[in-house]
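1. next one to model:
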Amino acid sequence: MLLTRIKGPRDLDRLSQEELDQLAAEIRSFLVDAVSKTGGHLGPNLGVVELTIALHRVFDSPKDKVLFDTGHQAYVHKLLTGRQDFGNLRSKGGLSGYPSRAESDHDVIENSHASTVLGWADGLAKANEVLGRDDHHVAAVIGDGALTGGMAWEALNNIAAAKDRPLVIVVNDNERSYGPTIGGLANHLATLRTTDGYERFLARGKEILERTPVVGKPLFETLHGAKKGLKDFIAPQGMFEDLGLKYIGPIDGHDIEALESALQRAKRFSGPVIVHCLTQKGRGYTPALEHEADRFHAVGVIHPDTGLPVSTDAASWTSVFADEMVKLGHERGDIVGITAAMLHPVGLNKFAEAFPDRIFDVGIAEQHGATSAAGLATGGVHPVFAVYATFLNRAFDQVLMDVALHKCGVTFVLDRAGITGTDGASHNGMWDMSILQVVPGLRLAAPRDAEQLRAQLREAVVVKDAPTVVRFSKGVVGPAVPAVGRIGGMDVLRTPAPEVTRPDVLLVSVGALAPMCLEIADLLDKQGISTTVVDPRWVKPVDEALAPLADRHRVVVTVEDNGRTGGVGAAVSQALRDAGVDVPLRDFGIPQRFLDHALRKEIMAEIGLTAPDIARQVTGLVAKLDGRFDSETAAAVD
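-> The predicted structure follows:
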């Protein structure tokens, strides 16, 4: 196999055109076989095989910086830079599903949030200029979906301002992000895709006019001088050139020879250049090409021959939300849905099918989505903006200054909240309950099970004068966790024996961690430590009934699937201080550090967010209060 002979990008230089085509076929076969066993981003990588080969033949990585926006299409890049062990892809100790500096000097951007690559490229090109590195180049690959993000256009504005600073921007145009790309830019690129280039028109005109006596040559010169207008008319890439960017394309993104020719021209140019490449997401794999929703953007473990899942999971949090949204849509004509290019991943596809006139895909533009939601709310409807928890980070200012300041009734539904695991640091939804704590008036719900998700979503969309947030985890929804009582707005999940007058521990359980918190209470009970377990349901604002309840316990413990700094535990601590309740509090959550990719349960064990770990520490805390702490007491919980 040719692929096994590729240890680094320069090994590509020795291959003939026929061998390069063979290598592309081998890479596609390798990807289908490997990713079907582990899960991962399959469709995007199948679409960039030839493009990545051409990039590494033209540019000299790592001296030249080859950058990938989002990074989910970097598997081919990994293969060509010496990383061909995909056996533990996205697993602990294995390859990351995105570029990783720890893996290779060829990787630059680890952040897998879209639309950032052009900002990185602008900075790297400026650094080359400042340091006089004329022999260093920067090539940034950005998908047409990521070009819908505002950051990309802010960067383009700056890149175009320096007409003599070399920088190659490769637009990987497959008409999709997750699903089909939405918006005016998508329409513009579609026009470029479907219109013959003006160069072909001009060449044909030159051929005819030069054969015309007397007037032919002057007419051609006039025609050539008016080429900018002709571009706008025949192949309207003028949008890019109006910004001051040289445009090359469209190029067949699966023709290595054509790609290399275009990239070489762009590399030699002394300023910023757009190379527009047309690719096919899922290329070479029939099940992906026939999957209209997202062309196998991301898959779990599948049968490689059929593309069908190896196992069918139980109901997911996302599916519960999806079904409830449809019910709400039938009940209330004022409810609309918003997605940032992720209709299927966040579960709004069913709502879109039922109410096609009440769904808005804003593209990869979370900031715009939040402010547009404020406008929708002001206009008299109730928007539900469903987005991954990690991506709401990008719209914090809009949540604060557009939605909250104006007291707009907008509901944000945060999917993949907490530790998501295999997608690595930038996809863990561990920031939302911290950053949203500072937003005045905002109300935040953390459902513990499917029933509570349905109920709290309904409670959220009733609110008309403030933003509401409902957050839930990735994956399968757990079993129902029934309440045994209610105190204020909080559900009581467990109470001590009736004869206990002052229980030892008040355990505040946040969201989907309720089963684990009940397990903690069981372990404490075996140590003779009495425990009350409550689910606040709405973790912001802190329920007024919590402080007097805490005052009737010896210790307060909070457990959350969120960063400890500024999270629910911190808010509860502040509420107790404000109420004059002087009870020891211990908060358990995610440490404020970037977590390596691994299974969720592996990460939870690594950071000590498990029932035995927490029970052990709480046992030690209670023992200290009793003046009887020793190592055997803490170890007994094991």
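2. poorly predicted segments of the protein, please.
-> Counting by pLDDT under 70, the chain shows low-confidence ranges at 176-239, 313, 628-638.
3. ok, residues contacting the longest helix along it?
-> Of all segments of type helix in the chain, defined using DSSP state H, the longest is helix 17-38. Contacts of helix 17-38 from elsewhere in the structure, counted by CB atoms under 8 Å, 6 or more residues apart in numbering, are 1-3, 6, 12, 15, 41-42, 45-46, 49-50, 53, 75-76, 79, 84, 86-91, 256-257, 283-285, 299, 301-304. To be clear about C-beta, it is placed using only N, CA and C from the backbone, and glycine gets the same treatment.
4. again, 7 Å this time
-> 1-3, 15, 42, 45-46, 49-50, 53, 75-76, 79, 86, 89-91, 256-257, 284-285, 299, 301-304 (CB atoms under 7 Å, 6 or more residues apart in numbering).
5. what does stretch 389-402 give?
-> Under the criterion CB under 7 Å, 6+ apart, residues 113, 340, 366-367, 369-371, 374, 412, 414-417, 426-429, 431-432, 435, 439, 467, 471 lie in contact with stretch 389-402.
6. just the CA trace of that stretch, in CSV.
-> The C-alpha trace of stretch 389-402 is given here as CSV (Å, rounded to 0.1, in the frame of the first residue of the first chain):
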residue,chain,number,x,y,z
ALA,A,389,-23.6,24.4,25.4
THR,A,390,-20.0,25.0,24.4
PHE,A,391,-21.1,27.2,21.4
LEU,A,392,-23.2,29.5,23.6
ASN,A,393,-19.9,30.8,24.9
ARG,A,394,-19.6,32.7,21.6
ALA,A,395,-22.8,34.6,22.1
PHE,A,396,-22.4,35.7,25.8
ASP,A,397,-22.4,39.4,25.0
GLN,A,398,-25.6,39.1,23.0
VAL,A,399,-27.3,37.1,25.8
LEU,A,400,-26.2,39.7,28.3
MET,A,401,-26.7,43.0,26.4
ASP,A,402,-29.4,42.2,23.8
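7. list the buried residues of it.
-> Buried positions in stretch 389-402, judged by neighbour count with 16 or more other CB atoms under 10 Å: Ala389, Thr390, Phe391, Leu392, Arg394, Ala395, Phe396, Gln398, Val399, Leu400, Asp402.
8. what does stretch 293-303 give?
-> Neighbour counts using 16+ other CB under 10 Å place Asp294, Arg295, Phe296, His297, Ala298, Val299, Ile302 of stretch 293-303 among the buried residues.
9. Tyr247: which of the buried residues of stretch 389-402 is nearest?
-> For Tyr247, the nearest member of the buried residues of stretch 389-402 is Arg394. The distance, counting by CB to CB, is 28.5 Å.
10. ok, that closest one to Phe472 distance?
-> Computed with CB to CB, to the nearest Å, the distance linking Arg394 and Phe472 is 19 Å.
11. strand partners (parallel or antiparallel) of the top strand by length along the chain?
-> Here the longest strand in the chain is taken by residue count, with DSSP state E as the criterion, and it is strand 555-563. Strand 555-563 has its sheet partners listed here by DSSP bridges as strand 505-509 (parallel), strand 585-590 (parallel).
12. let me have those strands in CSV, adding distance to Val310 and mean neighbour count as columns.
-> Putting these into CSV (distance: least, CB to CB, whole Å; neighbours: other CB atoms under 10 Å) gives the following:
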stretch, distance to Val310, mean neighbour count
strand 505-509, 33, 26
strand 585-590, 30, 21
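13. would you tell me which of these gets closest to Thr422?
-> Each of the strands paired with strand 555-563 has some distance to Thr422 by CB to CB; the shortest is strand 585-590, at 16.1 Å.
14. buried members of the contacts of helix 17-38 into ChimeraX, please.
-> Burial among the contacts of helix 17-38 is assessed by 16+ other CB under 10 Å; the matching ChimeraX selection reads:
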select :2,3,15,42,45,46,49,50,53,75,76,79,86,89,90,91,256,284,285,299,302
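15. and stretch 57-68, what's buried?
-> By neighbour count, with 16+ other CB under 10 Å as the criterion, the buried positions of stretch 57-68 are Arg57, Val58, Phe59, Ser61, Asp64, Lys65, Val66, Leu67, Phe68.
16. before we move on, what about stretch 475-488?
-> Along stretch 475-488, the positions that meet the burial threshold by neighbour count (16+ other CB under 10 Å) are Gly475, Val477, Gly478, Val481, Ala483.
17. how near is the residue nearest to the third one when sequence neighbours are not counted to Pro479?
-> So the one you mean is Gly478. When the adjacent residues along the chain are set aside, Gly478 lies closest to Pro515, with 5.8 Å between them (CB to CB, 6 or more residues apart in numbering). When distances are taken as CB to CB, Pro515 and Pro479 turn out to be 7 Å apart.
18. A strand includes Val539, no?
-> Yes. According to DSSP: H, G, I helix; E, B strand; the rest coil, Val539 belongs to a strand.
19. next, Val533: secondary structure please.
-> For Val533, the reduced secondary structure class is strand; criterion used: three-state DSSP.
20. how many residues are close by Asp357?
-> Residue neighbour count, defined by other CB atoms under 10 Å, stands at 7 for Asp357.
21. and it, backbone torsions?
-> For Asp357, the backbone dihedrals (degrees, to the nearest 10) come out as phi -90, psi 0.
22. shift numbering so it begins at 44
-> Happy to do that; since the first residue is 44 now, the last one works out to Asp400.
23. what distance do you get for it to Ser147?
-> Using CB to CB, we find Asp400 at a distance of 48 Å from Ser147.
24. now swap in Thr421 and tell me
-> Look at Thr421 and Ser147: by CB to CB, they are 49 Å apart.
25. who has more neighbours out of these two?
-> Under the neighbour definition other CB under 10 Å, Thr421 and Ser147 were set side by side, and Ser147 has more, 18 against 15.
26. quick one: the helices in the stretch 444-593 of the chain, in order.
-> 475-478, 493-505, 557-569, 589-593 (DSSP state H, counting those that start in this stretch).
27. CSV for those helices, including mean neighbour count and distance to Ile291?
-> Rendered in CSV, the data for these read as follows (neighbours: other CB atoms under 10 Å; distance: least, CB to CB, whole Å):
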stretch, mean neighbour count, distance to Ile291
helix 475-478, 24, 41
helix 493-505, 19, 48
helix 557-569, 20, 55
helix 589-593, 19, 62
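28. turn those helices into CSV, including distance to Gly287.
-> CSV is the format used below for these (distance: least, CB to CB, whole Å):
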stretch, distance to Gly287
helix 475-478, 37
helix 493-505, 46
helix 557-569, 56
helix 589-593, 58
